[in-house]
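Asker: show me the folded form of this:
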Amino acid sequence: MARNVVNIEEVSKAFDVKQLLNAVSIGISEGDRIGIVGRNGCGKSTLMKVIAGIESPDSGRVTRSNSAHIGLLSQVDYADPESTVRDVVLGDTATHEWASDAGIREVFTGLFGGFDDHLFERKFASLSGGEKRRVGLAKLLIGNLDLILLDEPTNHLDVEGVAWLAQHLNNRKNLAIAVVTHDRWFLDAVTDRTWEVVGGKIEEYDGGYSAFVLAKAERSRQASVLDGRRNALIRKELAWLRRGAPARTTKPKFRVDAANELISAEQAPRDKTELLKFARNRLGNTVYEAHHMQVKAGDKELIKDLTWNVGPGDRIGIVGVNGAGKTTLMRTLAGELKPSGGKLVTGITVASAFLTQHLTELDPTWRVLEAVEKVANHIELGKGKTLSASQLCERLGFDRDSQWTPVGDLSGGERRRLQLTRLLMDSPNVLLLDEPTNDFDIETLNELEDLLDSYTGTLLVISHDRFFLERVCDRFVGLLGDLEVRDLPRGVDEYLEQREEALSKASGSNKAKSGQSSAAEQRQIKKDIVRLERQIEKLKELISNLEKEQESSGSDSGRLLEITSQLEKAHMDFNTREEEWLEATLKVEE
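Answerer: Residues are numbered from 1 along each chain as shown. Down below sits the predicted model:
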């Protein structure tokens, strides 16, 4: 029987007048894989903090196993700004101790591409958001923990990083995991239970995100309590899941006959033929044509000799490694940058809108609805359908009350939603979206996907959210850092395969260049490792004895000075031997 790690009984928690948790009772056992979903502000992060012991409940009891070790990855990565990455991740662990641990080496390889001495000596304050996220993940994953609580772990990770993290967690069978994320692919990949935080309570479901959607659809069919709008969205999402890859629906532990009946008459998410007809009417036949185009960022060449056609109604997902030029390519298409070589032809009817990763500055005194109506009062969806500014705000998570909130009082995620709302109100016929899903909850993502289903223009999307990409895009291109933009007929799966193949070739090429060590050299290296390990142990013992003698020689200043000198030399020798040992271990062939 699995050991219980943490139990919460009748727990309630409120902030100001808002009740986030109301008499909640729930437990987590060894090996549990739990996804936590719900709207922004419903109490998901608060629940995680209560489980971790960072927040105390207003009432009720939280019981943790005496031997349980729990770690929390918060949405904001905290550490001493002056600490180095090595200090944050490894603490005072000796080099030869962590370097000989295959699990730790795997984490370093997966998150950082190996042990990067330059990165590990940098101050935490100097790191980017993505680097801080990886440092926080590394600290948790190398720890000896029984339960890790992950609050938006995929933020700032690329598609490849998300795939690695999912595989790593799935290989650690006894580790209990609770995760809050808007990344639905990640939820499906790592979880087998879902908690929905709604109205201060927790609704439990078997299975990951796909199973959760199926079960929710079945519950709504039986209870008939959801309004027509939410019911339609759930049916649409369910239809998408059932038409997709079989792997998406293998986890449910209940019958889905009724759910299948619910969506039997549901149409495909979007009519591609009809959308293409409308797109051609609005855009003509030319959107973007690149002829032997070259793209640079400063002096760095990112894309070489690109010949590419983006047509009316195309819905293209762009994936690639960080720094390969995804955002620079999109800025070039948007007209913010000029090609460094070749030619880019933009259709004369193109009216593009570019959602960047940076929040546009808005007047903080404006109300949300006022900020949207300053762009337009109505948006044309095509086929005679229109949305008012207020209706579009509601679709993207601003209810009637929050539409009167001053812009200055909005959170980062709410500002991003407002930024997207203003872009859509301008009725562009080409949408360029750079990481549009950041800080969105799942329900808002469902609304955005539904809105984009009826969008009749051309759509180009950069996102690490694999589910969103596969949901709204029909074609994919990849940037692997080799100066090319390549078509990916099989989507993200093909990109990950090509990326793995490229890394393998690079590794093989490096080995060929450096030459394989001879068998004799390998034997000598292994002998050196054994010798160095013995020296390291002797130096550790010497340092321990000198430190004890130093403590007992406080009254003898002459002897204390001599011991201090010996201790300093011993530490220098110890560090030297550790570095030699690390270099030797890296030379040993697997």
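Asker: check contacts around Ala353.
Answerer: Ala353 is in contact with 423-424, 426, 428, 430-432, counting by CB atoms under 8 Å, 6 or more residues apart in numbering. From N, CA and C alone the C-beta is placed, and that goes for glycine too.
Asker: mind doing that once more with 10 Å?
Answerer: 334, 420, 422-433, 457 (CB atoms under 10 Å, 6 or more residues apart in numbering).
Asker: bridging residues for it?
Answerer: Note on Ala353: beta-bridge partners Leu431, judged by DSSP bridges.
Asker: name the element Asn40 belongs to?
Answerer: For Asn40, there is no helix or strand it lies in under DSSP states H and E.
Asker: quick check: Thr307 is in a strand.
Answerer: Yes. Applying DSSP: H, G, I helix; E, B strand; the rest coil, one finds Thr307 inside a strand.
Asker: what about it, how many residues nearby?
Answerer: 12 (other CB atoms under 10 Å).
Asker: one more: Leu21?
Answerer: 25.
Asker: got the phi and psi for it?
Answerer: Main-chain dihedrals, Leu21, degrees, to the nearest 10: phi -120, psi 130.
Asker: re earlier: can you select the buried ones from the contacts of Ala353 in PyMOL?
Answerer: Selection of buried members from the contacts of Ala353 for PyMOL, criterion 16 or more other CB atoms under 10 Å:
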select buried, resi 334+420+422+423+424+425+427+428+429+430+431+432+433+457
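Asker: among the contacts of Ala353, name the ones in helices.
Answerer: Judged by DSSP state H, helices contain the following of the contacts of Ala353: 334, 420, 422-425.
Asker: quick one on the thing from earlier: pick out the lowest-pLDDT one from the contacts of Ala353.
Answerer: Among the contacts of Ala353, Ser427 carries the lowest pLDDT, at 81.
Asker: quick one, what contacts that one?
Answerer: Taking CB under 10 Å, 6+ apart, we find Ser427 in contact with 282, 351, 353, 375-376, 378-381, 457.
Asker: at 7 Å instead, please
Answerer: Each residue near Ser427 by CB atoms under 7 Å, 6 or more residues apart in numbering is listed here: 379-380.
Asker: mind checking how far it is from Val319?
Answerer: From Ser427 across to Val319, the span is 28 Å (CB to CB, to the nearest Å).
Asker: could you do Arg331 as well?
Answerer: 17 Å.
Asker: these two: which is more packed in?
Answerer: Higher neighbour count among Arg331 and Val319: Val319, with 28 against 18, using other CB under 10 Å.
Asker: is Phe476 in a helix, a strand, or coil?
Answerer: Assignment for Phe476 (three-state DSSP): strand.
Asker: backbone phi and psi for the spatially closest residue to it that is not a sequence neighbour, please?
Answerer: Leaving aside its chain neighbours, Phe476 sits nearest to Leu488 (4.1 Å; criterion: CB to CB, 6 or more residues apart in numbering). The phi and psi values for Leu488, taken as degrees, to the nearest 10, are phi -130, psi 80.
Asker: which residues does Leu488 contact?
Answerer: 476-478, 494-495.
Asker: of these, which is the nearest to Gln294?
Answerer: Closest approach to Gln294 among the contacts of Leu488 (CB to CB): Val477, at 16.7 Å.
Asker: tell me the bridge partners for that closest one.
Answerer: Ile318, Asp487.
Asker: residues contacting it?
Answerer: Residues near Val477 by CB under 7 Å, 6+ apart: 316, 318, 485-488.
Asker: which of those sit farthest apart?
Answerer: Maximum pairwise distance in the contacts of Val477, criterion CB to CB, is 12.7 Å, between Ile316 and Arg486.
Asker: more neighbours: the two, which one.
Answerer: Legend: neighbour count by other CB under 10 Å for Ile316 and Arg486, higher for Ile316 (19 against 14).
Asker: just give the closest residue to Arg61, not the sequence neighbours.
Answerer: Glu9 (4.9 Å).
Asker: does that neighbour really touch Ser25, like I thought?
Answerer: Yes. In this structure, Glu9 is within contact of Ser25 by CB atoms under 7 Å, at 5.1 Å.
Asker: centre of the chain to the longest helix that the chain contains, how far?
Answerer: With secondary structure taken from DSSP H, the chain has its longest helix at helix 519-551. Distance of helix 519-551 from its chain centroid, counting by CA atoms, centre = their mean, to the nearest Å, is 41 Å.
Asker: okay, buried residues for that helix please.
Answerer: Taking 16+ other CB under 10 Å as the neighbour-count basis, helix 519-551 is seen to contain the buried residues 525, 528-529, 532-533, 535-536, 539, 542-543, 546.
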